[in-house]
Structures are given as structure tokens and as C-alpha cells.
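Asks: got a sequence here, can you build the structure:
(4 chains)
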Amino acid sequence: MTDKLPENGGYVAAAYLVFLALLLIYVAIMATRAGRLERELGDVLDIVQRDGAGEPGAGRQATGGSGPAEQRAPRGSEQ
Amino acid sequence: MPHHGSPHGDVMRLQTRSPEVAQRNTPSTFGAARAVLQKDLRLERRAPQTLVAMTLFSATTYVIFHFALDRDSVDGQLASGVLWVTMLLAALLGIGRLFVSDRDEGGLEGFLLAPVDRTALLFAKGAALLAFLLALQLVAVPLFALLLLGPTPDAGTWLQLLLVLVLADLGIAVVGTLVAAIAVQTRARDLITSILALPLLVPVMIGASNATAPLLAQAGAEPLPGRWLALLALYSLIFGLLAYAVFDFLVED
Amino acid sequence: MKAAVATTEAPQGAAVTATDLVRRYGERPALDGVTFAVPAGSTLVVFGPNGAGKSTLLRVLATLLRPHGGSASVLGCDVQRQGWSVRGRIGFLGHDPLLYGDLSARENLDYHARLHGLRDPGRRIAELLAATGLERRAQDRVHTYSRGMVQRLAACRAVLHDPEVLLLDEPRANLDPAAGEQLEPLIGRASGRTRVVTSHDPAGGLAEADLALGLRAGRQELLGAAAAISADDIAALYADTHGMVPA
Amino acid sequence: MPTTRKLYGTRLMLLSWAAVAVLGAGFALAAFYAPIEADQGFSQKIFYVHVPLAIVTLCGFVFGGVSAIQYLRSGDPRHDLRSYTAIHQSLIFCVGALITGSLWAKASWGQWWVWDEPTLVSFLIVFLLYATYQPLRFSIEDPERQSRYAAVFAVVAGAFVPINFIAVRLADPLIHPRVLNQAGGDLPGEMRIAFYTSLVGMALLFVTLYRFEMASKHARAQLKSIKRRLGEHATSTGGRSAAPRITPS
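Replies: Presented below is the predicted three-dimensional model:
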């Protein structure tokens, strides 16, 4: 490949670049989707931890239990 | 509750089994399809909308083609193109309207309640669409010859053209019925019909326009190329079998 | 037990049965484990607030909807596997009349008769039109009919093929008492057919019921002989809906 | 926090590395090892990315049709998810094939779009058809019917693709050499190695991305059902989605 690329060499490079770009865009979309997924998982996990001490599974009270849930919350936020 | 007492004298007879109703025979698929087809044609005769719309649409499209192409008369491949684009877009109107009366007035459920094979509806609606297309072309093709077509084809050519028209309409009817059955249950009904039907009808358009082109040639009609008729027939056959196979899934719930 | 009408073959007592019937709309259960058995010739009345699954139950029994779980059978045939043989023997009267506005009453009935393969529909249609007092208007288009007349014509359509089982979704809705009386021999208890009827009127419903079924949000709250159930139990079905978002 | 390994699994990791390796090798071979093709010159190099993309796209659509048939027969929502993901994936590869195809047309015939090249034209039609898959799914509310109608569409479109190729090929009398059908084996030695390596690499890439998307859809479904069980309404991404909703068994 020592000689200069022939005049339509640019298009060949363009083809491979386009393929690469398409791939990167796709991976980027997948990454954002995975990110959103992890954020939601995080939220759900907080909820489970926060009302895990309260009565199991019932609707969350906005105020949160005063007992063990309170102590656990600070540690939870450190992660 | 008095069992029989009621003001209407002959009501007694209603409850007892009238003999010929007792031995009920399930209608043949063909019989049911004929019933549905006659009902559709009667509905169209009673309140003509689809056919009138398709015909007016075609006439206006010819006018638009005249100004768009800026030509007083066309021939050969261009003429065939103009004719078939108009037919295709007019067919879209018919496809969009195919199941609408059944869905809005509950006719589909009335049919599903009957002990009849579901594909009778496919045959009936396909035949109805074919009838609409042929009726449309009965008016639209002569109108095209009058307005835009350069060469005046002789009787033999008209017969060959009729053969191409029927074969292409068969393909459009089969694909159109399948697409209409899919689209009628969706929200954006007429949008879905168009974007689904057009790509599926490309092979029919290829076959039809290439088969019609030699017939409308300026220097007198050349022989009909068999290759395109084979394509049209093959397409209608394959999609007919396919529609027959998947149709049950479209109506069952 | 009322004198069962002489049906061709006597199914083992129960004409219409459902066992743990489930039907979902997406993830939300429209029917969640409904079980009952209706002996031949008797009437089951289904109560419940809107969205409780009454209409869904009727449509499953009429083979219009496939069950997602459990099973249901009409006249001994499973609605899903033997839907074919069930369809000819069911009369379904839902909220939609299933009639074409641009066709006349006679044409509508003729169309349905041919779908059901009746050999000599003319006599049967004339009989039904006379019984419901529609013969004078038989040639007019259905969209010129009043709501009551449409309901009566729909009732004719439902019993046109002389079904052994009737599935009626609030048949008395927008009907004046006189029209209701006219329909009694066709789709009422007097017709002697096995019937599954939905109703919002506890008193009237219980009066015509042999069995009563209470549904709420797809779940079966109440089932029993009509005699043993009081109008207040039915009323309780509708009252306690404040905590529940009606689906 | 579920570690990525559990969420995506070790096999997926290996698959990704394999795909990157084989595809990289294929392109490297194409660039350096395979000789310049006598007739078309250097622009023939696009062939090693365009044709594998095209072939993998077609296989993806066929796979989408097959799993749609399985869904119609069994009613198992997993088949519907496979069909959805396969078609969704193939549509993206089809875009790739079309763009590289038009670049190839520009490189070897001088203009961006060539109507004489039947495979390119057929791909455009197939793309236009499958592009309606998403709007169709999105316009049906009832999830069960959405899956069923999407499966019927996938079967019909699957059968359409070959007929479309026949019709378009009939319409364009071939005037210039088509390198595509040379892939049938009469490629000289070195070229064939490069081509098949790129093809295998592209197929691996498709499977990898396919499994990534399946994994993420499963995860989203499980998350949604956990949320529903918690009675959580705040941050649930409500609204209709075209993606199939599978209730994790």
C-alpha cells in the first residue's frame, strides 16, 4: 500500500468510517439506555432499602419510619 | 313467571323448535364468502362512496399528470407509468375503505359469531376489492385513452391490456386485503395502509407497467412480454397462499 | 328446575361452564379466575361495576375472545378448541347491534341467516319481525330506526338461528317497559333457553336469575343461587369502589 | 447493584471480543492482503464491508420472520421479542448496507445512486417496507394484538424479500459486472479469505448487538415488573412503547 491512494480511495475510507460511525452511534444509544436502566434500578433499590424496615410491601409512607429506617438511610447514601 | 302467557298469540310457535331450523347446516366457506361479498356490493350500491372517490381521484390525477409532465399526449413506457401510478394510488383509497364499514358497525363481530371459516372473509373482501378495481378501470382506462394516450390501440391490444389489468388487479386485491385487515385494527388506519401497501405493491407495479408499455407504444402495439405476466401471476399466487395462511391470526382475538 | 327445553343432546347438566377463566389486557387482568356452571335452561345473571369484566366474560363465552388462562365450555364444547361447533349454537347480543345502517331490517337478517346457513330464512325472519312489531318498517334502512327498534332488531338477529344459549349484555338498556315485554318471549326467561345476562339492576336482575355472579376488577366476588342472594349483597359490589381505581 | 457480569453474562463478553477480533482481522486482510481487483480497482475494497452488511441484514430479516412464525404458533412472548429485536437490528444494518452501497456506486460508477444495480435497489425497497414495522407496532395499543400483528407483518415481509429481488432483477437488464454474485466462490484465493473473514466478523457483530439488546430489554421488563410490584408510580416510564412487553416468567 505504499503508493498514493487512487483517486476514489477517499470513498473506500468513507465507507469504513460510515460503518464505524453507525456502530458507535448504536453503542452510544445502548449505553445511554443501560445508564437510564441503572439509574432506575438505583431508585428502586433505595426504595426497597428505605421501606424494607417498614411493613413489607405496603405503600410507602412519605414520612418514612422513625426507627431503623432512619439509621440505615445515612449509611445507604454513602455508597 | 307464566311460562307461555303473553299478549302475542303465535309466540308459542317461537319457542318450539321449528323443524327446518333444527337441522342447521354450517354454510360452506364459499357460500359465506358470497353472502359477505353481496352484502358489501349492496352497501356500496346503497351508499356509493368508495368507487366514486376512486374514479374522481383517477380523473384528477390525469389532469395533474398533464400539467406536471407538460405533455398533451404520452405513449409507451411513460403512458404505462402514468396509468399504473394512477391505478395504484386510487387502489390505496379502496384498500383503506375495505374493512371500515365492518369495523365501525360491528360487522366483523357479526361474522366472527357465525360458524364459518375465517378465510371466507378474506375471499369476500379480496373479491370486493377486485370488483372495485375492475369497475374503476372500466371508467378510468378509457378516460386515460381519451385524455392522455397518444396512440389509439386496436381491439387486440385492448384485450391484451385487459389481461394485464386483471392480473395486476388480482395482485393488488390480494395484497390490499391483507394490508387492510392489518391496518383496520390500528389507530392511524389510513397512514398505516399506505406505508404498508406501497412497498409491497412495488413488484406488481414493475410487472404491470413493463407489461403495459409495449402495448401502448407509439409505433403500434408490440407483442405482450410473457415474462411480466408470469411475475404478476407468481406474485398473486404466493401472496394469496400467504394471506390464506396468516389471515386467521388477524381476525382472532 | 324449570322444564328444560328438549335440546338435541343433554350435556351433563351444565350448559355453560367456566373454570379459573383468565383474560388479560396487557398486564392488567380483565378476568381473573372466574368459575361457575350454568345448568341447561337456567339463567345466570352477572353483576358488577363498569370495567369489572362482565362484557369480557360474555365475549369469551361467545368465542370472540380467546381465554388466556383456565377454560370455558358451552354445551360441552371448549370455546377455544371447539369454537367452531359452539358458534352456531350461541346467540350474542352485545352493546353493538352488529347491524348495517345502510341495509334494511330484512336485508340485515337475511345476511345473518345466510352466514348461519339457514335454508329457508324468509319464514323465520317474517316470524321474528312480526313478533317484535317491526314488520311495518322492515324495508326501511336501519339507521332510520329508533334506539329501541334497533335493540329489538338486534335481539331478532341474536335468536335468528335458534341458539340453545343466549349471551346478553344488558339487553334491557334503553328499552321502555313495553319494548322489554315484547322481547321477553325471544330473549327473556320465557324463551326457555340457557342464558347468561349482565345487569346493573340488582332487584330486576335477581328476579330473572337462577344463579347470580358478582364480578369486581375481574375477580369473582360472589356466586350463588339467586334465592340465597339479597339485593344488598349485589349493591355492596358497587358501593365499595372508593379505594379501588376502576380499571 | 447487580454486577455487569451477571446482568450481561460472561458469554456476551467473549462474544463481543470475538466479534471485534474477527471483524478487525477481516478488514485488515481486505485492506492489506487482498490484491487490488483488476476490473474495479481500489473501490472494490468497499465490497468487504458492503456485502457482509447486506448478507447479514437479509439473514436478520429471515430470522425475524422465522421467530415470528414460532410466535404465531406458540404464542410465547419471547419469540416475539426475538423477532422484534432481530428486525430492529437488521434495519440498522440495512441502513449501513445502503450507505456503503451508495458510496460504492459513487466510487466505481461515479454517481451516488445507481438504478441499474438490482441488489441495491431491492435493498432500498426492503428498507422502506421494514421501516414500517416500528410505526405499525406503535399504532396498536393492546400488547397481545400488537405482537400478533407485528408477527404477521414479519412473516409477510419475510416472504416479500425474495420476490422483490426477483422482480427488481427482472426489471434491470444487467449491463455491468456484478461483483456481488462473484462472492458465490469464483473470487480469487486471497480475496475470498478476506471476504469470508469479514462476513463471519459481521455475523458475530450482529449476534453480539442482538444479545446486548435482548439483555437490556429483559432487564427493563424485570425492572418494570419490580416497580409494579412495589406499587411505584413516580418514575415509571409510562406511555406506549413499540417494544414488546414480556412478563418475565
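Asks: does residue C:31 sit in a helix, a strand or a coil?
Replies: The three-state label given to residue C:31 by DSSP: H, G, I helix; E, B strand; the rest coil is strand.
Asks: ok and the residue in chain A nearest chain B?
Replies: Residue nearest to chain B within chain A (C-beta to the nearest C-beta): residue A:22, separated by 22.5 Å. Bear in mind the C-beta positions are built from the backbone N, C-alpha and C, glycine included.
Asks: which stretches of the chain form helices?
Replies: Defaulting to chain A. Ranges of helices in chain A, per DSSP state H, are A:9-52, A:68-78.
Asks: hmm, I had chain C in mind actually
Replies: C:54-61, C:83-87, C:105-115, C:121-131, C:147-159, C:177-187, C:202-207, C:231-239.
Asks: can you add mean pLDDT and give these back as TSV?
Replies: TSV is the format used below for the helices of chain C (pLDDT from 0 to 100):
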stretch	mean pLDDT
helix C:54-61	91
helix C:83-87	85
helix C:105-115	92
helix C:121-131	89
helix C:147-159	89
helix C:177-187	82
helix C:202-207	81
helix C:231-239	78
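Asks: excluding sequence neighbours, find me the nearest residue to the residue in chain C that chain D sits nearest to.
Replies: Nearest to chain D, among the residues of chain C, is residue C:26, at 4.5 Å (C-beta to the nearest C-beta). Among residues not flanking residue C:26 along the chain, residue D:143 sits closest, at 4.5 Å (C-beta to C-beta, 6 or more residues apart in numbering or on different chains).
Asks: low-confidence bits of chain A, can you list those?
Replies: A:1-8, A:52-79 (pLDDT under 70).
Asks: output the contacting helices and strands for the top helix by length along chain D.
Replies: Taking DSSP H as the criterion, chain D has its longest helix at helix D:189-230. With contacts taken as 3 or more C-beta pairs under 8 Å, 6 or more residues apart in numbering or on different chains; DSSP states H and E, helix D:189-230 sits against helix A:9-52, helix D:4-8, helix D:10-28, helix D:47-74, helix D:77-109.
Asks: closest one to residue B:41 among those?
Replies: Comparison of those against residue B:41 by C-beta to C-beta identifies helix D:47-74 as nearest, at 32.3 Å.
Asks: and the pLDDT at residue D:203?
Replies: Predicted confidence (pLDDT) for residue D:203: 94.
Asks: tally of neighbours for it?
Replies: Residues lying near residue D:203 (other C-beta atoms under 10 Å in any protein chain shown) number 18.
Asks: and residue B:53, by the same measure?
Replies: Neighbours around residue B:53, by other C-beta under 10 Å: 16.
Asks: tally up the residues packed near residue B:74, please.
Replies: Neighbours of residue B:74 (other C-beta under 10 Å): 23.
Asks: what's the pLDDT at it?
Replies: For residue B:74, pLDDT reads 89.
Asks: is it true that it touches residue B:151?
Replies: No: Residue B:74 lies out of contact with residue B:151 (C-beta atoms under 8 Å); the separation is 9.8 Å.
Asks: find the nearest non-adjacent residue to residue C:30, please.
Replies: That would be residue C:56: by C-beta to C-beta, 6+ apart, it lies 4.4 Å from residue C:30.
Asks: for burial, what's the neighbour tally of that neighbour?
Replies: 22.
Asks: what's near enough to touch it?
Replies: C:23, C:30, C:31, C:65, C:218 (C-beta atoms under 8 Å, 6 or more residues apart in numbering or on different chains).
Asks: dump the residues you listed to TSV, plus pLDDT.
Replies: Shown next, in TSV, are those (pLDDT from 0 to 100):
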residue	pLDDT
C:23	90
C:30	89
C:31	90
C:65	90
C:218	84
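Asks: now render the helices of chain C as a markdown table, adding distance to residue D:130.
Replies: Listed next are the helices of chain C as a markdown table, based on distance: least, C-beta to C-beta, whole Å:
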| stretch | distance to residue D:130 |
| --- | --- |
| helix C:54-61 | 34 |
| helix C:83-87 | 34 |
| helix C:105-115 | 37 |
| helix C:121-131 | 47 |
| helix C:147-159 | 43 |
| helix C:177-187 | 50 |
| helix C:202-207 | 52 |
| helix C:231-239 | 49 |
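Asks: if I look at the residue nearest to residue C:30, how far off is residue C:65?
Replies: 7 Å (C-beta to C-beta, to the nearest Å).
Asks: just to revisit the earlier point, can you pull the pLDDT of the residue of chain C closest to chain D?
Replies: For residue C:26, pLDDT reads 75.
Asks: wait, it sits on residue D:145?
Replies: No: under the criterion of C-beta under 8 Å, residue C:26 is not in contact with residue D:145, lying 10.0 Å apart.
Asks: test my guess that residue C:182 contacts residue C:130.
Replies: No: counting by C-beta under 8 Å, residue C:182 stays clear of residue C:130, with 10.9 Å between them.
Asks: so what sits against both of those two?
Replies: Contacts common to residue C:182 and residue C:130, judged by C-beta under 8 Å, 6+ apart, are absent.
Asks: so the two - more neighbours on which side?
Replies: Set residue C:182 next to residue C:130 and count neighbours by other C-beta under 10 Å: residue C:182 wins out with 23 against 15.
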